[in-house]
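>>> Structure for the following, please:
(one chain, ligands or ions: 1)
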Amino acid sequence: MTQLLISVTDVNEAQIALVHGADLIDLKDPHQGALGALPIQTIQEVVDFVGINRSHPQQYTSATVGDLPMQADLIAQQVLRIANTKVDFVKIGFFESEDYQSCLDTLKHIAHQGVKLIAVLFAEMQYPEHLIDDIKAAGFYGLMLDTAQKNGGTFMDYYTHEQMCLFATRVRSHAMAFGLAGSLNVQHLEKVRAYSPSYIGFRGGVSMSNQRKLNLDAAKIKAIRAAL
Ligand SMILES: O=C[C@H](O)COP(=O)(O)O
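As a prediction, the model looks like this:
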């Protein structure tokens, strides 16, 4: 079954997401960008809260490192700080860069220590042909396709159906968890599920007035959960 990721900003929102059946409680500050990082203390509070209050063992947490440039030391330092909270997955945005390999070489060591890393690629950006293979080779647990601009456009505005099928097949052929997100709402579900993602992520589409910086709207999460 396709899992449901809901991005939350604090314990109150984590509780709403848990109660309405989110499988992945994703920690993110929408005020700080596409993958805005929350303060470590907030991440810790939510990780502890989910640990105690999850209704089944398959409810997990993830947290983002923030919208960081592809600088190996900077990203590695932030990944380790976040991993210390015992969050289940650490999400790293792959912003455009001439050199992804130095980051991947550094992150490989962290992945080998048992930290589960998720690479977030952005639909608006162009990547080298072999990047997905390189991410797998660096030991990443998963890969997700999201959007950077958060202007209502989805990956379907940037990828043709054929390109998406190829992308999805490539990620799945590496047995990585495959996530899709980016200004999605309940009306996109049927099309998005055609690519067989492991999970689908939402923030704006489950927020008041569909504004990702506003509070979560429980009724919208419920509708998506029911549809999934
Ligand atoms: O990880 C998922 C994102 O938080 C999705 O955010 P969005 O639905 O506002 O694009």
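>>> Tell me both backbone torsions, phi and psi, for F202.
Phi and psi for F202, reported as degrees, to the nearest 10, are phi -140, psi 140.
>>> Same question for the one 10 residues further on.
Here is the backbone geometry of R212 (degrees, to the nearest 10): phi -60, psi -20.
>>> do you know how far the spatially closest residue to it that is not a sequence neighbour is from I6?
Nearest residue to R212, sequence neighbours excluded (Cβ to Cβ, 6 or more residues apart in numbering): G204, at 3.7 Å. Glycine gets a C-beta too; all of them are placed from N, C-alpha and C. Separation of G204 from I6 (Cβ to Cβ, to the nearest Å): 11 Å.
>>> if we can go back for a sec, ok, the residue nearest to R212 - contacts?
Contacts for G204 (Cβ atoms under 8 Å, 6 or more residues apart in numbering) come out as 150, 183, 185, 210-212.
>>> Quick one, which of the residues you listed are buried?
In these, burial by neighbour count holds for 150, 183, 185, 212, counting by 16 or more other Cβ atoms under 10 Å.
>>> isn't the third one right up against F202?
The one in question is N185. Yes. Between N185 and F202 there is a contact under Cβ atoms under 8 Å: 7.3 Å.
>>> joint contacts of the two?
Contact with both N185 and F202 is made by residues I224, according to Cβ under 8 Å, 6+ apart.
>>> Report whether stretch 87-100 contacts the ligand.
No. Shown here: stretch 87-100 not in contact with the ligand (Cβ under 6 Å from any ligand atom), separated by at least 7.3 Å.
>>> buried ones in that stretch?
In stretch 87-100, the ones that count as buried by 16+ other Cβ under 10 Å are 87-95, 100.
>>> do stretch 52-72 as well
So, applying 16+ other Cβ under 10 Å, buried residues of stretch 52-72: 54, 59-66, 68, 70, 72.
>>> Quick one: name the residues of this protein near the ligand.
Taking Cβ under 6 Å from any ligand atom as the criterion, the chain approaches the ligand at residues 5, 7, 26, 28, 146-147, 150, 181-184, 201-205, 212.
>>> So which of those belong to helices?
Taking DSSP state H, every one of the residues of the chain next to the ligand sits outside helices.
>>> Which of those fall within strands?
Per DSSP state E, strands hold the following members of the residues of the chain next to the ligand: 5, 7, 26, 146, 201-202.
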